[in-house]
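# Here is a sequence together with a model predicted from it:
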Amino acid sequence: MATLRQAIDRGRILELTERERGSLLHRTTGSQALYERAVGVMPRGVPSSFQAADPRPIYLSHGEGARVWDVDGNEYADFHNGFGVMCVGHAHPAIVAAVEARARRGSHFAAPTEGSIRVAEELRRRYGLPQWRFTNSGTESTMDAVHLARGATGRDVILKIEGSYHGHHDTVMVSVRPALDQLGERGVPGSVPFGGGHPRALTELTLAIPFNDADVLERVLGDIGERVAGLILEPAMMNITVIPPNPGYLERVRELTAAHGVQLIFDEVKTGCTIGPGGATARYGVTPDMVCLAKAICGGYPGGAIGMTESLAQLVTTGAVRQVGTFNGNPLVMAAAEAALLDVLTEEAYARFEAMNHRLLAGLDDIIERHGLPCHTMGLGAKGCVVFAPERLYEYRDYATKVDAELSELAWLYHMNHGIFMTPGVDEQWTLSVAMADADLQRYVDAFEAFAQAATG
C-alpha cells in the first residue's frame, strides 16, 4: 500500500487532458452539431449557464433507470442525476404512472388540489416543521424564506456563508465563488456580487461569513445582531464538493441565532431528500425556523417547498408577507412529489443509499491509497465526491486554495469517456439513484482506476 503522495507530473496531466478532451469531442459529433445550432439562439448554447461545459455541452436524448443516452447514442451510467434531482432514477414507473394519471384529469388550475395537502403532510412528518408552502424552484424557496425573515424581524440584513449558492435572486447572489483577493480578511463579513445586474444597494445588505466557525458568527451577531433578519446556510455545503458541518456547529448556530432573534434558514435544496428522509434537519437533529426544498422532492419535476414555524406561517396567513405564484402546487408536480416521497424514497431506499455510498467510497479510497493520489472522498446518503485536495475541507477558503482543478477536470473527462455521466466542473459530486446496482458502482470505480493509473503514470 502507498504511504506517500505521488508527485504529479503536470506536463503529463496536460497531455492527458488534451487527449481525453479530443476523445470526448470525437465521440460526440452529434452534440457538436446541436451546439452549433444552439449558440445561434441561446447564449453558450444552453438553457442555463450551469449546463455549459468545456469544451462544450453534451446533449442528451433520453434516460431510463440509472442510464442516460446522448444524441450520438453513447450510453452512460448517470451519476450526475440532474444536479441531484433524479435520485428516483429516470422514468420511474411509479412516478410516470402518477403524472400520467394526473395529466389525464387536468394539468393546471391555479387552484388547490388534494395532492398539495398530502405532500405537505409528508414534509411535515419528515422535517418537523408544522406549516408548508410550495414554489417552483430552489431559487423561489430561498427568496420566500428571505422575505419571511425580513417580515418577521423588521430587519434588512441577511447573513450567508462564503461560497454557498442559494439561487439567483438578488439577495443571495453574493460571495458565491469570489476570488480570494476579493474576500478580504477572514471573519470580517463581506459582500462580493456574483456577476453583474445586481444593485449594489441590495448586495450590501447581504454579508458572508465562513462556514464551520461559530465563533465568527457569535462575534458578528454581537456587533450587528440587531440589524440581522436571517442567516441562510446549507447545513452541509454541497456546491463546493461536499463539506459536512463540524460536530456541534449547527447546534451552536441554532443557539446564537435564537438568542439574537435571527431567523435560521436551512437551504436543503441539495441535501433535502438525498442525505436522509428528513435531509440534514433530521440527520443532524437541529431544527431551523425555515427549511427550503426543491430538486429531489419532486421526482424530476420543477417544484420546491418551504417549511416554517407557526409564527412565520401567520405572516403568510394574514398577508403581512406575500407568498404567491401561479404554478405553486401545480397538480402534475404534486403527483410526482407524492409518488417520489411515499412510494420511491422510502426508509429502505435511504438505507440502500447509505450502503451503496459506503461501497463506492471504499472502492475509491482503496484506489487513492494504492496510487498515492492527493485527494480524498466525502459522502452523505446518496451524495458524495472525490475531493482533489489531500486534506479535508472545512470552508470555502479551503476549497479555493487547496482543490486541484487540473486533476478534477481530467477525472471528469475520464469518467465521461468511460461511460460515467458526471456533473461538469471541479466539484466532482455524484448523486446515487434507487435504480443503481452494484455493477454501476463498479463501473464508476473502474473509470476512476483508469484515471488514477494514467495520472500517476
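Happy to help now that I have it. Numbers count the residues shown, from 1 in each chain.

# residue contacts, the most centrally placed residue in the chain?
By CA atoms, centre = their mean, the chain has its centre lying nearest to residue 270, at 3.6 Å. Residue 270 makes contact with 83-84, 234, 238-239, 295, 383 under the criterion CB atoms under 8 Å, 6 or more residues apart in numbering. Just so you know, the C-beta spots here come from the backbone N, C-alpha and C atoms, and that holds for glycine as well.

# buried ones in stretch 60-71?
60, 63, 65-71 (16 or more other CB atoms under 10 Å).

# Out of the residues you listed, the closest to residue 243 would be?
The nearest member of the buried residues of stretch 60-71 to residue 243, counting by CB to CB, is residue 66 at 26.5 Å.

# element containing the residue nearest to residue 419 when sequence neighbours are not counted?
Excluding the flanking residues, the one nearest residue 419 by CB to CB, 6 or more residues apart in numbering is residue 76, at 5.2 Å. Residue 76 belongs to strand 75-78 when assigned by DSSP states H and E.

# tell me which strands and helices that strand is in contact with?
strand 67-70, strand 420-421, helix 438-456 (3 or more CB pairs under 8 Å, 6 or more residues apart in numbering; DSSP states H and E).

# most tightly surrounded among these?
Highest mean neighbour count among the helices and strands packed on strand 75-78 (mean count of other CB atoms under 10 Å): strand 420-421, with a mean of 22.

# Give me the buried positions along the lowest-mean-pLDDT helix or strand in the chain.
Ranked by mean pLDDT, DSSP states H and E, the weakest helix or strand in the chain is helix 180-183, scoring a mean of 89. Using 16+ other CB under 10 Å as the test for burial, helix 180-183 gives residue 183.

# list the contacts for the closest residue to residue 192 other than its chain neighbours?
In space, and not counting its chain neighbours, residue 192 is closest to residue 178: 3.9 Å by CB to CB, 6+ apart. Neighbouring residues of residue 178 by CB under 8 Å, 6+ apart: 162, 190, 192, 194.

# Would you confirm that the second one contacts residue 208?
Meaning residue 190. Yes - between residue 190 and residue 208 there is a contact under CB atoms under 8 Å: 5.7 Å.

# Let's see if you can find the most crowded of the contacts of residue 178.
Using other CB atoms under 10 Å as the neighbour criterion, residue 162 leads these with 25 neighbours.

# Pull up the gap between that residue and residue 265, please.
16 Å (CB to CB, to the nearest Å).

# what does the domain assignment say about the chain?
According to automatic domain parsing, the chain is divided into the following domains: 10-78+346-456, 93-344.

# Is residue 153 in contact with residue 261, as I believe?
Yes - counting by CB under 8 Å, residue 153 touches residue 261, with 6.3 Å between them.

# How are the helices of the stretch 351-457 of the chain distributed by residue range?
396-402, 405-417, 438-456 (DSSP state H, counting those that start in this stretch).

# and for the shortest one, what are the contacting residues?
Read that as helix 396-402. 161-164, 177, 180, 183, 186, 210-211, 237, 240-241, 243, 389-391, 393.

# Looking at those, which are in strands?
residue 161 (DSSP state E).

# Could you pick out the buried ones from the contacts of helix 396-402?
Buried, going by 16+ other CB under 10 Å: 161-164, 183, 210-211, 237, 240-241, 243, 389, 393, out of those.

# Pick out the lowest-pLDDT one from these.
Of all these, residue 183 carries the smallest pLDDT score, 89.

# Please identify which pair of the contacts of residue 178 lies farthest apart.
190 and 194, at 12.5 Å, using CB to CB across the contacts of residue 178.

# Overlap in contacts, those two.
Joint contacts of residue 190 and residue 194 (CB under 8 Å, 6+ apart) are 175, 178.

# circling back to that earlier point, of the contacts of residue 270, which is the nearest to residue 20?
Nearest to residue 20 among the contacts of residue 270, with distances taken as CB to CB, is residue 83, at 22.9 Å.

# Phi first, then psi, for the closest one.
Main-chain torsions, residue 83, degrees, to the nearest 10: phi 60, psi 40.

# Please list all residues in contact with it.
50, 270, 295, 423, 431.

# quick one: contacts for the nearest residue to residue 414 once chain neighbours are set aside?
Counting by CB to CB, 6+ apart, residue 451 is the residue found nearest to residue 414 once chain neighbours are left out, at 3.9 Å. Residues in contact with residue 451 (CB under 8 Å, 6+ apart) are 410-411, 414-415.

# Run a quick neighbour tally on residue 75.
Neighbour tally, residue 75, other CB under 10 Å: 12.

# wait, doesn't it sit right on residue 420?
No - using CB under 8 Å, residue 75 is not in contact with residue 420; the gap is 10.8 Å.

# What is the neighbour count of the residue lying closest to residue 446 once chain neighbours are set aside?
Take residue 446 and drop its neighbours on the chain: the residue closest to it by CB to CB, 6+ apart is residue 418, 7.0 Å away. Applying other CB under 10 Å, we find 18 residues neighbouring residue 418.
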